[in-house]
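[1] dropping a prediction and its sequence here:
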Amino acid sequence: MTQSDSPQAHISDEQWDQYFRQGFLHLGRLVDADELQRLCARVDDLALGQVVNPQVQVQLDTGGRYEDLPDVTAQPAAGTLLYRKVQGLETDELFRSVLRSPVLAEIAAHHYGPHTSASLFRAMVMNKPAAQGTVLPWHQDGGDVWALDRDPLITIWMALDDATAANGCVEVIPGSHRLGLVSAQGSTLSDQDAQRHCPQDQVLPLEVPAGHAVLMHNWLIHRSGVNPTPMPRRAFTACYLDSRTRNILTGEHFPLILGASTGPSHPYLDLLREEQAAQAASADSAAEYALSLKADNAVLQESIRSATEYARSLEAEVARLRAPVAAPPPPAGVAELSSALAKAGLQRGRVLLRRFRSVEQ
């Protein structure tokens, strides 16, 4: 299929055959130039914090190894254009309008059946910042790592900037989706599997003009490199689910995007939610009690400290009272007077002795 400058209105049987053989299909232009400009401005404003959406999260791009990327966080207080990912865009009205494009509804119905609605596993902008970017290794979008009760099958990838081999566009192994998931865990391929299934002579760069989109099967093996050019390479990507899909950790459905309902809830899930609410309330009570014990302990520690200081002061006072009392030193001049009197007494004694001796004689 050649890339069209007008939105794809209908996908022919021939195009579906091509898609199921190769694992991807160029859909042509999905948004016009004005809408494209608004989308580019919106995602940068979200990353810079100039538009605030509490449900949007951001992952920064460090330009290093994929394994060393930081976690996704809420919008940073100090915004930056050096982001790798802005996700939660199904909650943004501009991007949400793209997600409801008629051709995307047709694609979801073709995969999951016209009897079911479609939900979103995720909707995000992936970015290769200018002169940067992180290498994304060979991988598949599915498997146990996603914690879903069934594998999603389709991803829409729309270029916000021209995606070329020069600026790190997505590279694919055509037809590799027919392998199924290479491992039950899914996601990144091992080195051995990458060597086996991704020979260099089968690697195809998916070059996509800005505003154009590609349908990709989630099991298609793909990767992307860095962006050495002076301009960013941004793309909007959305993964559509059968709306009956649940998170196996919570039992919850995902945000509905196409259709009317996900069907009635299951009784066991209602019971689990009630138990979870009771456990949460119990945990809150325990946390409050722990805080009260902590406060009581602080009061007791202060009482112990005060009692210890008072006991030490009493010990010091008792020691002072038990100490022997030393004779006070004589007043000034007393010592000299005593010495003079002693000397005077000695002289008088000598006089009396002489008189006594003279009487004997």
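    Great, that's in hand.
[2] going forward, measure contacts between C-alpha atoms and count neighbours the same way
    OK.
[3] for the top helix by length along the chain, packing partners?
    The longest helix of the chain (DSSP state H) is helix 267-322. Using 3 or more CA pairs under 8 Å, 6 or more residues apart in numbering; DSSP states H and E as the contact test, no helix or strand touches helix 267-322.
[4] in stretch 222-238, which residues are buried?
    By neighbour count on 16 or more other CA atoms under 10 Å, the buried set for stretch 222-238 is 222-228, 232-238.
[5] export the residues you listed as a markdown table, with columns for pLDDT, distance to residue 247 and secondary structure.
    Shown next, in a markdown table, are those (pLDDT from 0 to 100; distance: CA to CA, whole Å; DSSP: H, G, I helix; E, B strand; the rest coil):
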| residue | pLDDT | distance to residue 247 | secondary structure |
| --- | --- | --- | --- |
| 222 | 98 | 25 | strand |
| 223 | 97 | 26 | strand |
| 224 | 96 | 28 | strand |
| 225 | 94 | 31 | coil |
| 226 | 95 | 32 | coil |
| 227 | 96 | 34 | strand |
| 228 | 96 | 38 | coil |
| 232 | 96 | 34 | coil |
| 233 | 97 | 31 | strand |
| 234 | 98 | 29 | strand |
| 235 | 98 | 26 | strand |
| 236 | 98 | 23 | strand |
| 237 | 98 | 20 | strand |
| 238 | 97 | 17 | strand |
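[6] closest to residue 47 out of those?
    Checking the buried residues of stretch 222-238 against residue 47 by CA to CA gives residue 234 as the nearest, at 12.5 Å.
[7] can you tell me the element the residue lying closest to that closest one once chain neighbours are set aside falls in?
    Of all residues not flanking residue 234 in the chain, residue 127 sits nearest, at 4.3 Å (CA to CA, 6 or more residues apart in numbering). Under the criterion of DSSP states H and E, residue 127 resides in strand 118-128.
[8] list the helices and strands the helix or strand following that strand packs on?
    Going down the chain from strand 118-128, the next helix or strand is strand 136-140, by DSSP H and E. Counting contacts by 3+ CA pairs under 8 Å, 6+ apart, strand 136-140 packs against strand 187-188, strand 222-224.
[9] as TSV, the ones you listed with distance to residue 46 would be great.
    Below are these laid out as TSV (distance: least, CA to CA, whole Å):
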stretch	distance to residue 46
strand 187-188	27
strand 222-224	24
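[10] for the ones you listed, which one sits closest to residue 40?
    Using CA to CA, the nearest of the helices and strands packed on strand 136-140 to residue 40 is strand 222-224, at 20.4 Å.
[11] parallel or antiparallel, which strands does the closest one pair with?
    The partner list of strand 222-224 in its sheet, established with DSSP bridges, is strand 136-140 (antiparallel), strand 170-172 (antiparallel).
[12] which residues does residue 25 contact?
    Counting by CA atoms under 8 Å, 6 or more residues apart in numbering, residue 25 touches 1, 15, 18, 19, 214, 215, 216.
[13] list only those of those residues flagged as buried.
    Among those, those classed as buried by 16+ other CA under 10 Å are 15, 19, 214, 215, 216.
[14] of the residues you listed, closest to residue 136?
    Nearest to residue 136, judged by CA to CA, of the buried ones among the contacts of residue 25 is residue 216 at 16.4 Å.
[15] ok, that closest one - contacts?
    Taking CA under 8 Å, 6+ apart as the test, what residue 216 contacts is 23, 24, 25, 154, 155, 156, 157.
[16] so, low pLDDT: which residues of the stretch 201-350 of the chain?
    261-273, 325-350 (pLDDT under 70).
[17] just the helices from this structure, written as ranges.
    13-22, 33-48, 93-99, 102-112, 191-197, 267-322, 334-360.
[18] those helices: which one's closest to residue 83?
    Across those, residue 83 has its closest neighbour in helix 33-48 (7.1 Å, CA to CA).
[19] possible to save the strands paired with strand 222-224 as JSON lines with distance to residue 58?
    JSON lines is the format used below for the strands paired with strand 222-224 (distance: least, CA to CA, whole Å):
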{"stretch": "strand 136-140", "distance to residue 58": "17"}
{"stretch": "strand 170-172", "distance to residue 58": "21"}
